[in-house]
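J.: sequence first, then the predicted structure:
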Amino acid sequence: QVQLVESGGGLVQAGGSLRLSCAASGRTFFLSRYAMGWFRQAPGKEREFVGTISWSGGRTDYADSVKGRFTISRDNAKSTVYLQMNSLKPEDTAVYYCAAAGTSYGGTGSYDYDYWGQGTQVTVSS
């Protein structure tokens, strides 16, 4: 069984920063064998892709809406993936989810990922 647990969400003013963490665990789960992604879902909207990082950390891709403001990183030794969010905007308000894909590089669709966390709320006030 694989568990992904997000943390670090909260309330922040526009222009501020937050760093989300995603801790992965499982009896036979090795983070280094999984590409990781971040998604978000705002109220009344569909879940959308935020960014992804390859299993080695050597490649990242981001949605246009967050490019230049958000950065994904990973520490395989700690089985943790991070989402650094800077210059936050009210439209970034959403529940943020991390997800794991059993491939070297994940895609931009939810269907590309095998395991999901329960999400953490990020609220950006104007």
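T.: Structure's in. What do you need?
J.: residue 3 and residue 27, how far apart?
T.: 10 Å (CB to CB, to the nearest Å). In this view, the C-beta of every residue, glycine as well, is placed from N, C-alpha and C.
J.: those two: who's more crowded?
T.: When neighbours are counted by other CB atoms under 10 Å, residue 3 comes out ahead of the other of residue 3 and residue 27, with 12 against 6.
J.: and that one, what element?
T.: strand 2-7 (DSSP states H and E).
J.: ok, now residue 82?
T.: strand 80-85.
J.: for that strand, buried residues please.
T.: Neighbour counts over strand 80-85 (16 or more other CB atoms under 10 Å) mark 80-83, 85 as buried.
J.: what helices or strands is the following helix or strand past it leaning on?
T.: The C-terminal neighbour of strand 80-85 among helices and strands, as given by DSSP H and E, is strand 94-101. With contacts taken as 3 or more CB pairs under 8 Å, 6 or more residues apart in numbering; DSSP states H and E, strand 94-101 sits against strand 2-7, strand 18-26, strand 35-41, strand 80-85, strand 115-116, strand 120-125.
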